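**Student:** got a predicted model here, sequence first, then my questions.
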Amino acid sequence: MAEGFISDEDIARVREANDLVAVIGERSPVKQRGRDFWCCCPLHNEKTPSFKIDPALQLWHCFGCGEGGDVFGFVMKTEDLTFPEAVRKLAERAHIDIKETGGRGASSSKKARLKDICAKTAEFYHTQLMRSPAQGAASARAYLAGRGLGGEVPRRWNLGYAPGSGVLVRHLTAQKFSAEEMIEANVAARGRDGRLRDRFYNRVMFPIFDAQGDCIAFGGRVIGSGEPKYLNSQETPVFHKSSVLYGLDKAKAAMASTGTAVVVEGYTDVIALHEGGMQNVVATLGTALTLRHIRILARHAQRRIVYLFDGDAAGQRAADRALQFIDASMTPEAGKSKIELCAVTLPDNLDPAEFVAARGADALHALIADAQPLLAYGIERRLSAHDLGTAEGRTRALADALSVLAPIKDSLLAKDYAVQIAGRVRAREQDVLDQLAQLAPPRLDAHAEAREGGAQDQARFAGAGDGARDEAPMPAQRFSSLPPSERNRLRFEREFLSLLAQHPLLALEHADALASTQWHSEVHAALASAVLGVLAENPAAEPAGVIAAASQAHPAAAGILTSARVREGVEPAAACAYLSEELGIGDAEEAVASLKSQLADARGMAPEEVDFVFNSLVAMQKDLAARRAAHKPHHD
């Protein structure tokens, strides 16, 4: 409730008032094909439409990137909003008044209140920097001027000075903010004596804004000596370092117009480059670049993302960490969803601001234009770390450079790079290609596993799908390495779950199958449980409501549960019946195999127990044979 509770009734009213086709059509031209609408996906760069909108179910799914959901999910993903923010935005679009606990305005929710504290804090810090006669403020102004950030720059970027000594706490208290709110916004903290104190003391302050331009956090640089040199806000309900980029609110327009995003490592670098005319630049906030950052940037920069590394040791460590982002989305096989992630290291141990000051903005533009693809950059870094003049050095270099290709080892691009590596280390091409093939791909995280289990593939059974052209390239290699029978099993599970979520009445009919199926994916098991839970609570739930509720149980829910496709003329009920029986037969086959395994090693089993298992096996095999004979693919 603290975030501002919106009733289910108001959420339903807003959903009904915002037609999904119309909402998506405002961002991307849609065309009707059959009963569905299609468009190019607004979440990734593509020229051939793979984004399907079902006007009857009010659900969408992209077969290119695997995302999906309802109208709220669409607004959340395209505009980086929370669920309540998406509801409010769509309520305004439809001119619907919604009620929230705590009312509207600055205190309508915890997040709005925390943003208000941050805005008031930024205003206070800025006033201190620009007007305070204190020595600390004068030192802050001198520091900024020395970095070329004087004049109008502090006003344009709302830079500030934190005097500390409880001055901010007293100011915010006078603004009617409570101690608990200041602490939660991370602008204040309690000392050992229990007294409330300012979090930032004697620092130049850089307010951090979200993509919509709301102040959500701060970064502070100490004046003179002191540790830590840089101090950032901690995580709060409105600030998550892994999904925020400094300067994005100012850079996103230039990213869209140029098609390129440039990522640097510091606040002052962002400001200096923007002031120098390069306005598509952002910085991470004391963390390495994350996959979440890349996804956010890819929405604004359609062509490429360039990671600009400092030439010092810290910059080079960041460069090595960046290699973790190499995956199948960088290969030509990814088609229109390919992400071009590039990298470049500044020479002479310079940071971006120093480079521009010394050599000019044109030199930096040229350096960025010549940035290498991350794969080539990573391979070159690995090769250059070894002495290629010795056999031992070449052997180590080969293994080190090939490891960069492990995540994409089955792609044509990896084989091309492997041949290039062979030439550099004087090895036989076929030997290097064989070594590449033997590499083990890196482990995938739970969300990737959820997608690889058929995230881009649809179940292939009579009546489902339109053929091979509907299958998008897989983002992970592990799914394709599974035995064909297991790949089919995961596809069937996914299609079954998706059809039932989109047709809740059928889910009620197949509730026993949902509960008893031996799911081969933990994600699928969690989603089956979530769907059952939603329908147990509300048997009349609409598809969008089922999927929205399941999304609370697992982040991959929307992408999985919107992915089903059934050919025109094929009834969903027939497809569900087929899949239910297919999964049931698969479970029975596993049970038969388990009983055979027990009989194969019957040592320690009593004779009567062996007889029981044998009789059970005979009965199950007979039943399984009958089920197989009766299980015919449904043809339209």
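**Tutor:** Right, received. Where do you want to start?
**Student:** could you find the closest non-adjacent residue to N349?
**Tutor:** Sequence neighbours aside, G311 is the residue nearest to N349 in space, at 4.2 Å (criterion: C-beta to C-beta, 6 or more residues apart in numbering). Backbone N, C-alpha and C define where each C-beta goes, glycine included.
**Student:** that neighbour contacts T345, correct?
**Tutor:** Yes. Assessed by C-beta atoms under 8 Å, G311 is found in contact with T345 at 5.8 Å.
**Student:** who's more crowded, the two?
**Tutor:** Neighbours were tallied for G311 and for T345 using other C-beta atoms under 10 Å; the higher tally belongs to T345 (21 against 17).
**Student:** residues contacting the residue nearest to N349?
**Tutor:** Going by C-beta atoms under 8 Å, 6 or more residues apart in numbering, G311 touches T345, L346, P347, D348, N349, L350, D351.
**Student:** please apply the same query to D97.
**Tutor:** For D97, the contacting residues are A91, by C-beta under 8 Å, 6+ apart.
**Student:** give me the pLDDT for it.
**Tutor:** Looking at D97, its pLDDT reads 82.
**Student:** quick one: it from R13, how far?
**Tutor:** Distance from D97 to R13, counting by C-beta to C-beta, to the nearest Å: 10 Å.
**Student:** what is the burial count for L367?
**Tutor:** If we define neighbours as other C-beta under 10 Å, then L367 has 18 of them.
**Student:** ditto for A361
**Tutor:** By other C-beta under 10 Å, neighbour count at A361 equals 16.
**Student:** now V262
**Tutor:** Count around V262 with other C-beta under 10 Å applied: 30.
**Student:** now do the SS call for it.
**Tutor:** Here V262 is recorded as strand under DSSP: H, G, I helix; E, B strand; the rest coil.
**Student:** is it in a bridge, and if so with what?
**Tutor:** Beta-bridge partners of V262, counted by DSSP bridges, are V281, V306.
**Student:** for it, which residues are in contact?
**Tutor:** L273, M278, N280, V281, V282, I305, V306, L308, I368.
**Student:** confidence score at I271?
**Tutor:** Looking at I271, its pLDDT reads 95.
**Student:** if you could redo that for Q477, that was the one I meant.
**Tutor:** Confidence score, pLDDT, at Q477: 44.
**Student:** straight-line length of stretch 126-144, end to end?
**Tutor:** 13 Å (C-alpha to C-alpha, to the nearest Å).
**Student:** sorry, back to before: phi and psi next, for the residue nearest to N349.
**Tutor:** Main-chain dihedrals, G311, degrees, to the nearest 10: phi -80, psi -10.
**Student:** where's it relative to L412, distance?
**Tutor:** Distance of G311 to L412, given as C-beta to C-beta: 33 Å.
**Student:** still on that earlier bit, and the gap between the residue nearest to N349 and A318?
**Tutor:** 11 Å.
**Student:** thought V169 was touching D198?
**Tutor:** Yes. Assessed by C-beta under 8 Å, V169 is found in contact with D198 at 5.8 Å.
**Student:** what do those two both touch?
**Tutor:** Joint contacts of V169 and D198 (C-beta under 8 Å, 6+ apart) are A188.
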